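Q: Okay, sequence plus prediction incoming.
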Amino acid sequence: MMRVRKPAVAGYFYESGREELLQQLDWAVKHELGSKALQLPKLGADALGGVAPHAGYMYSGPVATWIYSALAIRLWLCPLHRPKRKFCPAPNWLKR
């Protein structure tokens with residue numbers, strides 16, 4: 001059986017409920033600084049990667065939507081806030 005870790009900061013840096021979280025992500029995409037779309041049109045060479053801010057969706061969500069929308073393949077590598085963690089699971093909010 002697969003173990004699922006409960007979110008440690010849900011309700012602090014992002015909404016804790018599923019519907020509220022989806023609304024917050026929709027807000028980030030549609031924000032004046034957001035990407036306005038979940039998938040951006042290809043404008044040149046394929047992006048190999050990017051660095052997205054992760055200060056909390058209310059602070060950096062609109063800016064982060066640009067990198068998430070530009071990448072065709074999404075693999076999240078996270079900064080290790082806790083040294084004992086060896087990986088960071090990828091969020092799947094863009095797959096809805």
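A: It's in. Residues are numbered from 1 along each chain as shown.

Q: other SSEs contacting the regular element (helix or strand) spanning residue 62?
A: Element membership for residue 62 (DSSP states H and E) is helix 57-70. The contact analysis (3 or more C-beta pairs under 8 Å, 6 or more residues apart in numbering; DSSP states H and E) places helix 57-70 against helix 18-30. Just so you know, the C-beta spots here come from the backbone N, C-alpha and C atoms, and that holds for glycine as well.

Q: What's the mean pLDDT across the helix it packs on?
A: Average pLDDT, helix 18-30: 92.

Q: Stretch 50-60 now?
A: 84.

Q: Export that stretch to CSV, keeping only CA atoms.
A: Taking C-alpha atoms only, stretch 50-60 is exported to CSV below (Å, rounded to 0.1, in the frame of the first residue of the first chain):
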residue,chain,number,x,y,z
GLY,A,50,13.0,26.6,-15.3
VAL,A,51,13.1,27.9,-11.8
ALA,A,52,9.7,28.8,-10.3
PRO,A,53,9.2,30.8,-7.1
HIS,A,54,7.5,28.9,-4.3
ALA,A,55,6.9,31.5,-1.6
GLY,A,56,3.2,30.7,-1.3
TYR,A,57,0.5,30.9,-4.0
MET,A,58,-0.8,34.2,-2.7
TYR,A,59,2.6,35.8,-3.1
SER,A,60,4.3,34.1,-6.1
